[in-house]
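S.K.: let me see the structure of the following:
(2 chains)
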Number of protein chains: 2
Amino acid sequence: MEKGVILLSGGIDSATTLYFAKKRGCQLTALIFDYNQRHKKEIECARRIAQLNRIKYIIEKINLSWAKSSLTDRRIKVPVNRNLNKKEIPLTYVPGRNIIFLSYAFSLAESIGAKKIFIGAHTQDYSGYPDCRPEFLQSFQKAANLGIKSKGIKIIAPLIDKRKKEIIELGIKLKVPFGLTWSCYKGGRFPCERCDSCRFRIEAFKKLRLSDPLNF
Amino acid sequence: MEKGVILLSGGIDSATTLYFAKKRGCQLTALIFDYNQRHKKEIECARRIAQLNRIKYIIEKINLSWAKSSLTDRRIKVPVNRNLNKKEIPLTYVPGRNIIFLSYAFSLAESIGAKKIFIGAHTQDYSGYPDCRPEFLQSFQKAANLGIKSKGIKIIAPLIDKRKKEIIELGIKLKVPFGLTWSCYKGGRFPCERCDSCRFRIEAFKKLRLSDPLNF
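M.R.: Numbers count the residues shown, from 1 in each chain, chains lettered A, B, ... in the order given. Okay, the predicted model is just below:
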């Protein structure tokens, strides 16, 4: 069975990517990051999704103390009711986050003999986050393979051209337990329904005329 | 004053690179990694060198639990009296180490507005470690710049074409306190004098007809 590493965050995208990779017959190891993000709820979701699928998971604690992002610095407020069509990098941007996550993924992949790294990056992300763009992923794959012993480790981003609605459609086909995923940046008792992440989720379920199965 | 980030390990190479960068007028922030390496001696050396130069430093704890390297896994012995001319990747290789270190450096550089990242990688390293090769560094610089908001952050490896002897010659000109640097992979009370790192150091000082100022 072919081995793979999956970057798992506990959100809709990485959960769908996990089920996609599983369907392709990959024996997965999940890499979950505790990067001092605003809340631990998504880490718990990621853990539960990994456990449900009986896949090995590693929670890697990293500390980006310098990052001026509303996800890592509690003094910076999470933006709410932002114009989602505006082409700007939001305050939730964490400098180099996927660069770091993918670096760890290459180190882990080489160590366990995996040839594939799965990541849930996609269109709506890369309109705001430079480290979700396909050009970055391609270029990083090339660079990282030059820096390790083994060759030919591939980054696979199956959602790259999809929008949230299409991701959920794919996830439904793959039987992703969306009720176990968490999207809200704030991590309160209930989703805030006003941050970008909540709004993309709500909008997508609405377009699909489905109710969000989120249990909280 | 232009800002820079330096990857500081406590060895001869990164210390020399620090003095090189300082001479070029860079206001440096040192990034020191505690990656669960065999000993903490080099971290203490790095800290002392940073303090001596009154530069800000960050000790970043990372955990590469999966790495099958004699530097991170105490069950794997550090190779001694190896044929240093043999083109092979030694057991001290840590998968993806510089990929991860540089990823953090880009995140930090962008966050503090630094445009330069200094790294002490060089010829004798890249005969063994793929993540010290110039092709890797160039390719990584390109990829990482695609993944962040700011543009034009450069990786500077001033020692890239030098051998240890030439690095020490440069260091002497720059007044690097080599007595404060540590090279031995084992980190005992005294250098083992048999691991690759000790032997490169001993050989270089011998060629220069100098005695090693190391205080232990």
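
S.K.: who touches the lowest-mean-pLDDT helix or strand in chain A?
M.R.: Ranked by mean pLDDT, DSSP states H and E, the helix or strand of chain A with the weakest confidence is helix A:123-126, at a mean of 73. With contact meaning Cβ atoms under 8 Å, 6 or more residues apart in numbering or on different chains, helix A:123-126 is reached by A:Asp13, A:Cys132, A:Arg133, A:Pro134, A:Ile160, A:Asp161, A:Lys162, A:Arg163, A:Lys164, A:Phe200. Bear in mind the C-beta positions are built from the backbone N, C-alpha and C, glycine included.

S.K.: next one: stretch A:134-148 to chain centre, how far?
M.R.: 18 Å (Cα atoms, centre = their mean, to the nearest Å).

S.K.: who touches it?
M.R.: A:98-99, A:102-103, A:106-107, A:110, A:119, A:121, A:126, A:130, A:151-155, A:157, A:160, B:95-96, B:98-99, B:130-131, B:133, B:135-136, B:139-140, B:142-144, B:146-147.

S.K.: keep only those of the residues you listed that are in helices.
M.R.: A:98-99, A:102-103, A:106-107, A:110, A:126, B:98-99, B:135-136, B:139-140, B:142-144, B:146 (DSSP state H).

S.K.: whichever of the residues you listed end up buried, select them in ChimeraX.
M.R.: Buried residues within these, by 16 or more other Cβ atoms under 10 Å in any protein chain shown, are selected in ChimeraX with:
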select /A:98,99,102,103,106,107,110,126 /B:98,99,136,139,140,143,144,146
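
S.K.: longest strand anywhere in chain A?
M.R.: Ordering each strand of chain A by length in residues (DSSP state E) puts strand A:27-34 first.

S.K.: skipping adjacent residues, who's closest to the residue lying farthest from the centre of chain A in space?
M.R.: Of all residues in chain A, A:Lys149 has its C-alpha farthest from the mean position, at 26.6 Å, by Cα atoms, centre = their mean. Distance criterion Cβ to Cβ, 6 or more residues apart in numbering or on different chains; nearest residue to A:Lys149, sequence neighbours excluded, is B:Ile89 at 5.4 Å.

S.K.: quick check: that neighbour touching B:Ser127?
M.R.: No: under the criterion of Cβ atoms under 8 Å, B:Ile89 is not in contact with B:Ser127, lying 9.4 Å apart.

S.K.: neighbour count winner among those two?
M.R.: B:Ser127 (16 against 12; other Cβ atoms under 10 Å in any protein chain shown).

S.K.: pull the contacting residues for the more buried one.
M.R.: Taking Cβ under 8 Å, 6+ apart as the test, what B:Ser127 contacts is B:Lys87.

S.K.: if I look at it, how far off is chain A?
M.R.: To chain A, B:Ser127 is 13 Å away according to Cβ to the nearest Cβ, to the nearest Å.

S.K.: CA atoms only: put stretch A:88-96 into PDB for me.
M.R.: Provided in PDB are the C-alpha atoms of stretch A:88-96 (Å, rounded to 0.1, in the frame of the first residue of the first chain):
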ATOM      1  CA  GLU A  88      -6.300  41.500  -0.300                       C
ATOM      2  CA  ILE A  89      -4.300  39.400   2.100                       C
ATOM      3  CA  PRO A  90      -6.400  39.300   5.300                       C
ATOM      4  CA  LEU A  91      -5.100  39.700   8.900                       C
ATOM      5  CA  THR A  92      -5.600  36.000   9.400                       C
ATOM      6  CA  TYR A  93      -2.600  35.400   7.200                       C
ATOM      7  CA  VAL A  94       0.300  33.700   9.100                       C
ATOM      8  CA  PRO A  95       3.600  34.400   7.400                       C
ATOM      9  CA  GLY A  96       5.100  31.200   5.900                       C
END
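
S.K.: residues contacting that stretch, please?
M.R.: A:35, A:64, A:67-72, A:76-79, A:82, A:128-131, A:185, A:195-197, B:103-104, B:106-107, B:110-111, B:144, B:147-149.

S.K.: hmm, which of those residues are the buried ones?
M.R.: A:35, A:64, A:67-72, A:78, A:82, A:128-131, A:185, A:195-197, B:103-104, B:106-107, B:110-111, B:144, B:147-148.

S.K.: wasn't the residue nearest to A:Lys149 part of a helix?
M.R.: No: remark: B:Ile89 does not belong to a helix; assigned using DSSP: H, G, I helix; E, B strand; the rest coil, it is coil.

S.K.: burial measure for A:Gly113, as a count.
M.R.: 9.

S.K.: quick one, what contacts A:Cys184?
M.R.: A:Lys41, A:Pro191, A:Cys192, A:Glu193, A:Cys195, A:Ser197, A:Cys198.

S.K.: give me the pLDDT value at it.
M.R.: As predicted, A:Cys184 sits at a pLDDT of 94.

S.K.: tell me the SS of it?
M.R.: coil.

S.K.: number of residues surrounding the spatially closest residue to it that is not a sequence neighbour?
M.R.: In this structure, A:Cys184 finds its nearest non-sequential neighbour in A:Pro191, 3.9 Å apart by Cβ to Cβ, 6+ apart. Residues within reach of A:Pro191, counting by other Cβ under 10 Å, total 22.

S.K.: from what I can see A:Pro191 touches A:Leu214, true?
M.R.: Yes: applying Cβ under 8 Å as the test, A:Pro191 and A:Leu214 come out as touching, 7.1 Å apart.
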